[in-house]
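Trainee: Structure of the sequence below:
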Amino acid sequence: MIDWGLVAKIAGGGFGVTLLVLIILSLVAWIVGLVVQKAAKPTTAGRETPAKDK
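Mentor: Take a look at the predicted model:
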């Protein structure tokens, strides 16, 4: 016989681990994005393109 309780535990555990990994990856990507934005901001804030006179 198939132990459906065990099947549910295994399937639920796999689903839970998948969601946990995806949440961790999204948080890491968000933090890296913040770091890149903060690192790039000072270099572009000081540079202003002068107006071209024609």
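Trainee: all contacts plus neighbour counts: C-alpha atoms, from now on.
Mentor: Noted.
Trainee: what is the rounded mean pLDDT of the host helix or strand of Gly5?
Mentor: If you go by DSSP states H and E, Gly5 is part of helix 4-45. Across helix 4-45, the average pLDDT comes to 92.
Trainee: That one: how far from the chain's middle?
Mentor: 5 Å (Cα atoms, centre = their mean, to the nearest Å).
Trainee: Could you check how far Trp4 is from Val17?
Mentor: Counting by Cα to Cα, to the nearest Å, the gap from Trp4 to Val17 is 20 Å.
Trainee: These two - which one has more neighbours?
Mentor: Val17 (12 against 9; other Cα atoms under 10 Å).
Trainee: Give me the distance between that one and Ile10.
Mentor: In terms of Cα to Cα, Val17 sits 11 Å off from Ile10.
Trainee: Give me the contacts around stretch 1-10.
Mentor: Outside of stretch 1-10, not a single residue reaches it under the criterion Cα atoms under 8 Å, 6 or more residues apart in numbering.
Trainee: and it, which residues are buried?
Mentor: Of the residues in stretch 1-10, none count as buried by neighbour count, 16 or more other Cα atoms under 10 Å.
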